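Student: would you be able to build a 3D model of this:
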Amino acid sequence: MISPTFCAAPWTVHCVNASGTAGMCCLNHRVTVPVDQHKQLLSSQSLHDIKLGMLAGEHIDGCEKCYSNELQGIYSLRKMYNDLTGQVLDQSRLAEPGYENRVWYDLSLSNLCNQKCRICGQYNSTAWHKDAMAMADLPWAHQNTYHLDSVLIENHSAIDDILASMQASKDEFKIELKGGEPLYLDTSLRLLEEMIKLGLNDRTRELRIMTNGTQYDNRVMQLLELFPSINMSFSIDAIGKLHEYTRGTSITWDQCRRSWQQLIKLPNISKFRVSNTIYAYTVLRVPELIDWVHSEFGKQTSMSHSMLHKPRYLRANLVPHHLRQRTVDRLINYPALAASLIIDPKSDDAEVAERRSQFKLYTQRLDQLRGESLLDLVPELAEMMA
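Tutor: Purely as a prediction, here's the structure:
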């Protein structure tokens, strides 16, 4: 290990965010610029200072989610970047200004999305706009913490820089398409078309798709078949009616299942997983989700579990300890996951009480707007709503 806080991302990752910004990774929002200033960021003194801080083992502002996940025994994005991209770096040159080798393209080219997940907001989903406006009087609510100049953000202007960076890369690279919903974005279509014209699809070691899997453009699907290897990840946090509730979707659970089954028929899928974000609404139903995934897609299907870091008022550890313990008792075959679910809030009683109060108000307001009821689906949370 180069240092306890070293992350390969500032040297190897080309990141574009759905909010119209670019940064060193998708989690650190303290180091972002408008997407048309991406080149300047990558060569800036501020990013070089961050690199030197990482080499010295310093705590980097904005990297708290990775640090938090690692303390809970969860495989962090930092560790993933180190494992999957760190080997292309010449360690003797890491402190050299301007040294880089971009081999990972983390691309959220638009916030266009057909779902309005309760842990999301209009910065990642155009479908959120109406509800965000109706809850604008709650300044602490997470969907109000990002200012967007337009409801729809499309980063067509980022594509030329992405293509140039890929052409300059010294190695094969990996691409991660996210969103919004990447499978029906015009920007995804344009990027894939341009890559194929330039032969860059043949240099793509792996194309990762992070998708809700419920709506897709058939033209994009045809282009995907021209890439050597697809790593498909379905974002699913719950099953049945709770899935519909958390996703804010008009697409029924059964319709989702049919769509997912069609997607996994792509002939060049080399890896497939289900990505699960765990938060207050879903933490008590994690065992059911795991059982369903293995029944629906096969026992060999891998799952990645991530604890929600923000918004703090939706964190899983705000759910009373005795309720989470029941879930932990059912996860005896998943000790690392079980251990992460039982960690209590590291804050004083007043702060926990405030967050639980925000949880209640946020949930009540959104339930009212959407004509839904959390307690119809997770009645154990009644004490949090009292």
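Student: and His322, how many neighbours does it have?
Tutor: In terms of burial, His322 registers 9 neighbours under the definition other C-beta atoms under 10 Å. No exception for glycine: its C-beta is placed from N, CA and C like everyone else's.
Student: name the surrounding residues that touch the helix or strand hosting it.
Tutor: Per DSSP states H and E, His322 falls inside helix 321-329. Outside helix 321-329, the residues that touch it by C-beta atoms under 8 Å, 6 or more residues apart in numbering are Val283, Leu284, Val286, Pro287, Ala316, Asn317, Ala338, Leu341, Ile342, Asp344, Glu380, Leu381.
Student: nearest spatial neighbour of Cys256, chain-adjacent residues omitted?
Tutor: With C-beta to C-beta, 6 or more residues apart in numbering as the criterion, Cys256 has its nearest non-adjacent residue at 5.4 Å, and that residue is Thr214.
Student: for the one you found, what are its contacts?
Tutor: With contacts defined as C-beta under 8 Å, 6+ apart, the neighbours of Thr214 are Asn114, Gln115, Glu181, Thr249, Ile251, Gln255, Cys256, Ser259.
Student: do you know how far it is from Val88?
Tutor: 35 Å (C-beta to C-beta, to the nearest Å).
Student: out of the contacts of Thr214, which are buried?
Tutor: For the contacts of Thr214, burial is judged from neighbour counts taken by 16 or more other C-beta atoms under 10 Å, and it is met by Asn114, Gln115, Glu181, Thr249, Ile251, Cys256, Ser259.
Student: contacting residues around the fifth one?
Tutor: Under the criterion of C-beta under 8 Å, 6+ apart, the contact list for Ile251 reads Asn114, Gln115, Thr214, Gln215, Glu244, Ser259.
Student: next: the last one.
Tutor: By C-beta under 8 Å, 6+ apart, the contact list for Ser259 reads Gly213, Thr214, Gln215, Tyr216, Ile251.
Student: so for stretch 53-61, what gets flagged as buried?
Tutor: Buried residues in stretch 53-61, counted by 16+ other C-beta under 10 Å: Gly53, Met54, Ile60.
Student: please disregard the earlier target; I meant stretch 213-230.
Tutor: So, applying 16+ other C-beta under 10 Å, buried residues of stretch 213-230: Gly213, Thr214, Tyr216, Asp217, Val220, Leu223, Leu224, Phe227, Ile230.
Student: for that stretch, measure first residue to last.
Tutor: With C-alpha to C-alpha, to the nearest Å as the measure, the first residue of stretch 213-230 is 14 Å from its last.
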